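Engineer: Mind looking at a prediction? Sequence and model below.
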Amino acid sequence: MDAKYWDTKYETPDYVYTKLVNRFVKEYCEPLTPGTAMDVAGGEGRNTVWLAQQGWRVENIDFSQTALNKCLAFAEEEGVQGFVDTNCASALEFEPNETPVDLAVIAYLQINQADLKTAIKRAASNVKPGGHLMGVWHSRDNLEHSFGGPRDPEVLPNPELLSEYLEGEEFEIIDCRNRDGQIQTREGLKPSVTAVLFARKLG
């Protein structure tokens with residue numbers, strides 16, 4: 001899937017992934033002192049805008065300009081447009097407008113594992129010492145135990161892989177595990193396994 005696919009997907013007045021912050025992003029990031037942040041593959045901005053509401057200055061990096069336009073509209077609607085910037089770029093190759101940052105968030109970037117490793121390392125390299133990296137994904141364990149996310153193991157990481165991808169980046173892993181979650185289906189709420197990564201850069 002490329003930027004054109006996502007532009008088409010987002011060409012709707014509705015917010016495809018809602019305007020609600022992901023509950024794990026909220027749980028792990030709410031206790032942090034606001035500073036500068038990047039939301040890698042932040043899409044329509046549900047986590048970007050929430051971070052801005054907490055006082056963060058946030059750069060939403062996504063290769064869909066359609067999604068970024070919706071993010072800016074959402075930020076203006078919430079009165080935090082002064083805290084939000086956008087950067088139309090791939091998660092694999094982006095050059096941040098501001099670096100290093102205090103926080104990097106990667107939420108549901110479900111891509112093949114070689115590319116995900118690249119994206120995580122790129123985000124990690126732009127976090128300042130003492131800053132944090134927070135990520136959340138549909139876990140590979142869903143293939144056997146739950147309903148969340150794609151059915152392709154190649155785009156589903158697990159905690160072991162996520163820990164491996166941070167090796168060499170001088171991070172202390174604070175939490176990296178599967179968490180219990182829920183997804184909405186036509187039959188109602190179903191259990192989902194969510195892989196969560198939370199780490200602090202040393203130095």
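Structural biologist: All right, it came through fine. Numbers count the residues shown, from 1 in each chain.

Engineer: how is the chain carved up into domains?
Structural biologist: Following automatic domain parsing, the chain resolves into domains at 1-100, 140-191.

Engineer: For the shortest one, what is the distance to the chain centroid?
Structural biologist: Shown here is domain 140-191, whose average C-alpha point lies 13 Å from the average C-alpha point of the whole chain (Cα atoms, centre = their mean, to the nearest Å).

Engineer: got the end-to-end distance for that domain?
Structural biologist: The stretch domain 140-191 measures 14 Å between its terminal residues, going by Cα to Cα, to the nearest Å.

Engineer: one step back: pick out the shakiest of the domains of the chain, pLDDT-wise.
Structural biologist: With a mean of 85, domain 140-191 has the lowest mean pLDDT of the domains of the chain.

Engineer: so how far is the one helix or strand residue 38 maps to from its chain's centroid?
Structural biologist: Using DSSP states H and E, residue 38 sits in strand 36-40. Distance of strand 36-40 from the chain centroid (Cα atoms, centre = their mean) equals 9 Å.

Engineer: same deal with stretch 113-133?
Structural biologist: 11 Å.

Engineer: can you pull out the strands in the protein?
Structural biologist: Taking DSSP state E as the test, the strands found in the chain are 36-40, 57-62, 84-88, 101-107, 127-138, 171-185, 188-201.

Engineer: Good, wrapping up.
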